[in-house]
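# any chance you could fold what I've pasted below:
(chains A and B)
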Amino acid sequence: MIEFNPPTPENRQPRCPCVLVLDTSYSMNGEPLAKLNAGIAGLPQDLRSDALASKRVEVAIVGFPPVRTLQDFVTADQFSAPSLKAGGSTPLGAAVLHGLDMIEQRKAFYRDQHLEWFRPWLFLITDGAPDPTDDWRRAAAAAKQAEEMRKVAVFAVAVPGADVGVLAQFSRNKPLTLVDLRFREMFQWLSRSLRTVSRSNAHTGGDPDLPQDLSGFGAWGRP
Amino acid sequence: MTQKRAAPWCLAGASVAGSSHTAGGVPCQDRHCTRIAEDRDGAAILIIAVADGAGSASQAEAAAELAVQSFVNAASYALKGMPLASASPDAGTDWMRAARQSVLDAAATSALAPRDYACTFAACVVGTGGGLAVQIGDGVIVWRTAGQPGWTLAMQPQKGEYRNETRFLTDADADACMLSCQLPAGLSGVAVCSDGLEDLCMDRAAGTIFAPFFDAVSATILAASETQADELPTAMARYLASDAANAVSDDDKTLVVAVRLPDQPVAP
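Numbers count the residues shown, from 1 in each chain, chains lettered A, B, ... in the order given. Next up is the predicted model:
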């Protein structure tokens, strides 16, 4: 049988990386996790509805505990949402460090491939307080320092029950508190924001400023 | 679907609905037509025409079908009275105008507006001594010559300010927007595609042809030309409808590729 199977051009679009750092500790069990799963399940579709974003936005997922890469960076057109399971404690700091590490590795990959990129996002979602053994202070300092050096933009979302005071240490952006477990609305907002950023012209290896207008979280969160 | 094993060309071509059309219950609005005609001097002339009916046009498929048929008829008819070598690119534009007129006449007959028959159009007419290419809108025509690596874009696809804007055969100012060019002698391959192929076969950022795509397609055609030429159109349609192709572009897709067969050795 004749098969046409020609190679196609590589995707040379500038990349807009976003790592989701997701708390799947035991306390997320039940409705929170079900809604988190439902919310994230719609993300690929939301991003792919935008042809450009589907080539530019790259999503990676870190789950904890244990801290592990559930999804390495992949462009939205190839991204499928994992199904998360709850269990264990909250090594928050270790998970954030893992996410920051993945971002730096991804940037090295972009450099190697001569791809341009937008400032990466780290999106942290948790409902708890860090484990006693977790060196979250070091992680928070690293996140904040990376942010100040414009290496990353960090957003923390507190699911009710989270230690907001701890989360506030991870970013100069104030943590947002999720209202009514509206994960679906939150991911829709994330998708819209990423699509907006991925369309902006300020894309170089030089980590440009984010667009100022990242509001519109009212549908799901409050400061 | 098209397949012809009329020496000296072997062709594979298909027009298939993209996944976005399938999902929306919209039929394929691309059409293509190919013919091996003869010019006045009896030389075999390859004609390929591709039209992409606008998504916003109520008669998109009919318009595209009429446009490709009319062009191929006009070109074949004109070449009966002249050698292709003496046909300038302007002659090609005349044939495209004939296609435009057929489409406008159909609109008038149906008491519909020209925009109901809006389609883009791209075509080439090729003989051994070269040929010509014409287009209006965002189709893609590429060629290569024997012994030279790489494929050349005949004309830049016409784009508007926005991604979904282009020029149509039925535009009031179509005449001013029609592009045409000469193709060189010694062509070993030529291809005409609708804009649905663009992300598969072009490096959009650089605005250049992604040669490995056409190299691979023409190699497959050449390999099949001896014994399996009949299967080429089905194979092409299968590829264009594949998940792999739809993952890159969900638009309707037309790809017609013609490969010039190597000269047969002459017995001593």
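# C-terminal to the lengthiest helix in chain A, what's the next element?
The single longest helix within chain A, with elements called by DSSP state H, is helix A:92-113. Scanning forward in sequence from helix A:92-113, with DSSP states H and E defining helices and strands, the next element found is strand A:121-126.
# what's that next one in contact with?
Where contact means C-beta atoms under 8 Å, 6 or more residues apart in numbering or on different chains, the residues beyond strand A:121-126 that reach it are A:17-23, A:25, A:36, A:90, A:92, A:95-96, A:99-100, A:103, A:143, A:152-159, A:162, A:167, A:170, A:178, A:190, A:194. Every C-beta, even on glycine, is put in place using the N, C-alpha and C of the backbone.
# chain B against chain A: which residues are in contact?
B:12, B:163, B:199-206, B:210, B:212-217, B:220, B:224, B:228, B:231-232, B:235-236, B:238-239, B:244, B:247-248 (C-beta under 8 Å from any C-beta of the partner chain).
# quick one, strands of chain A?
All strands of chain A, identified by DSSP state E, fall at A:16-23, A:57-64, A:68-75, A:121-126, A:153-158, A:176-178, A:221-222.
# and the angle from the second one to helix A:92-113?
Spelled out, that is strand A:57-64. Orientation of strand A:57-64 against helix A:92-113 (axes from the mean of the first three to the mean of the last three C-alpha atoms, to 10 degrees) gives an angle of 150 degrees.
# using PDB, list the CA coordinates for strand A:57-64.
C-alpha atoms of strand A:57-64 as PDB (Å, rounded to 0.1, in the frame of the first residue of the first chain):
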ATOM      1  CA  VAL A  57       1.800  27.800  24.800                       C
ATOM      2  CA  GLU A  58       3.700  25.000  26.400                       C
ATOM      3  CA  VAL A  59       2.300  23.300  29.500                       C
ATOM      4  CA  ALA A  60       4.100  21.200  32.100                       C
ATOM      5  CA  ILE A  61       2.700  19.700  35.300                       C
ATOM      6  CA  VAL A  62       4.400  19.000  38.600                       C
ATOM      7  CA  GLY A  63       2.300  17.000  41.100                       C
ATOM      8  CA  PHE A  64       3.000  16.600  44.800                       C
END
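# touching, A:Thr103 and A:Val152? I think so.
Thr isn't right for residue A:103; it's Ile. Yes. Contact criterion C-beta atoms under 8 Å: A:Ile103 and A:Val152 qualify, at 5.7 Å.
# shared neighbours of these two, anything?
A:120, A:122.
# which residues of chain A score low on pLDDT?
A:200-215 (pLDDT under 70).
# near chain B, which residues of it show up?
Close to chain B, as judged by C-beta under 8 Å from any C-beta, chain A has residues A:1-9, A:12-13, A:51, A:77.
# buried residues in stretch A:108-128?
For stretch A:108-128, the neighbour count (16 or more other C-beta atoms under 10 Å in any protein chain shown) marks A:110, A:115-128 as buried.
# what's the burial count for residue 95?
No chain was given, so I picked chain A. 27 (other C-beta atoms under 10 Å in any protein chain shown).
# actually chain B
Counted with other C-beta under 10 Å, B:Trp95 comes out at 27.
# packing partners for the helix or strand encompassing it?
In the assignment (DSSP H and E), B:Trp95 maps to helix B:89-109. Judged by 3 or more C-beta pairs under 8 Å, 6 or more residues apart in numbering or on different chains; DSSP states H and E, helix B:89-109 is in contact with helix B:60-79, strand B:119-127, strand B:130-136, strand B:179-183.
# most packed of those?
strand B:119-127 (a mean of 28; mean count of other C-beta atoms under 10 Å in any protein chain shown).
# now, of the residues of chain B next to chain A, which are buried?
B:12, B:199-202, B:210, B:213-215, B:217, B:220, B:224, B:232, B:235-236, B:238-239, B:248.
# and stretch B:24-33, how far from the chain's centre?
Between the centre of stretch B:24-33 and the centre of its chain there are 15 Å (C-alpha atoms, centre = their mean, to the nearest Å).
# now do the same end-to-end measure for that stretch.
26 Å (C-alpha to C-alpha, to the nearest Å).
# got the contact list for that stretch?
B:2, B:13-18, B:20-21, B:47-55, B:57, B:60-61, B:64-65, B:67-69, B:71-72, B:119, B:192, B:194, B:196, B:252-254, B:256.
# which of those are buried, as a ChimeraX select command?
With 16+ other C-beta under 10 Å as the criterion, this ChimeraX line picks the buried residues out of the contacts of stretch B:24-33:
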select /B:2,13,14,15,16,17,18,20,21,47,48,49,50,51,52,53,54,57,60,61,64,65,67,68,69,71,72,119,192,194,196,252,253,254,256
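# what's the spacing between B:Ser15 and A:Leu176?
For B:Ser15, the distance to A:Leu176 (C-beta to C-beta, to the nearest Å) stands at 49 Å.
# scratch that, B:Glu38
For B:Glu38, the distance to A:Leu176 - C-beta to C-beta - is 73 Å.
# where does the stretch 51-200 of chain B get nearest to chain A, which residue?
B:Leu200 (5.1 Å; C-beta to the nearest C-beta).
# is it true that that residue touches B:Ala245?
Yes. If you go by C-beta under 8 Å, B:Leu200 and B:Ala245 touch, sitting 6.3 Å apart.
# what is in contact with these two at once?
Contacts common to B:Leu200 and B:Ala245, judged by C-beta under 8 Å, 6+ apart, are B:Lys253.
# about what we covered before: quick one: distance of the helix holding B:Trp95 to the chain centre.
Remark: helix B:89-109 is offset 16 Å from the chain centroid, using C-alpha atoms, centre = their mean.
# outside of it, which residues touch it?
Under C-beta under 8 Å, 6+ apart, the answer for helix B:89-109 is B:49, B:59, B:62-63, B:66-71, B:74-75, B:78, B:113-114, B:116-117, B:119, B:121, B:123, B:125, B:132-134, B:136, B:169-170, B:174-175, B:178, B:180-182.
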